[in-house]
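Q: Could you look at this predicted model? Sequence included:
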Amino acid sequence: MTLIEFILLLAIAGICGSIAQAMVGFSRGGCLLSIITGFIGALIGSWIAKRFELPDFFVLSIGGKNFPVIWSIIGAVIFTSILSALSGRKN
């Protein structure tokens, strides 16, 4: 994986994390937290999809790595909702 592919993967994860945070209405930490949220969302969403044998709707392949965009957003919404509930206040 080249540096450009890695940066592109980070950008896509950040966009997915930002969309999820906007859907939940909870935003903290800026761009870095959005990227982390996008990656954690991809893990959670992929796990849910495999657990219930659901298909991948929109997968981007970057540098040989597949990134499930829709499942990343769904997983990030779940993760952000949990963070929002644990923190006790919304931004």
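A: That came through, no problem.

Q: CA atoms only for the helix or strand bottoming out on mean pLDDT in the chain, dumped as PDB, please.
A: Lowest on mean pLDDT, DSSP states H and E among the helices and strands of the chain sits strand 65-68, with a mean of 85. Provided in PDB are the C-alpha atoms of strand 65-68 (Å, rounded to 0.1, in the frame of the first residue of the first chain):
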ATOM      1  CA  LYS A  65      -7.800  -3.500   1.100                       C
ATOM      2  CA  ASN A  66     -11.600  -3.500   1.000                       C
ATOM      3  CA  PHE A  67     -13.400  -0.700   2.900                       C
ATOM      4  CA  PRO A  68     -17.200  -1.300   3.400                       C
END
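
Q: Describe which strands that strand pairs with in its sheet and in which direction.
A: strand 59-62 (antiparallel) (DSSP bridges).

Q: If you count neighbours, what's buried in the partner strand?
A: I62 (16 or more other Cβ atoms under 10 Å). Where C-beta positions appear, they are placed from N, C-alpha and C, glycine not excepted.

Q: What mean pLDDT does that strand get?
A: Averaged across strand 59-62, the pLDDT comes to 90.

Q: Outside of that strand itself, list whatever touches it.
A: Residues outside strand 59-62 that contact it (Cβ atoms under 8 Å, 6 or more residues apart in numbering) are M1, E5, L8, L9, I12, N66, F67, P68, V69.

Q: any chance of these in a markdown table, plus neighbour count and distance to G45?
A: Shown next, in a markdown table, are the contacts of strand 59-62 (neighbours: other Cβ atoms under 10 Å; distance: Cβ to Cβ, whole Å):
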| residue | neighbour count | distance to G45 |
| --- | --- | --- |
| M1 | 11 | 21 |
| E5 | 13 | 21 |
| L8 | 16 | 19 |
| L9 | 19 | 16 |
| I12 | 19 | 14 |
| N66 | 11 | 12 |
| F67 | 21 | 11 |
| P68 | 21 | 6 |
| V69 | 21 | 9 |
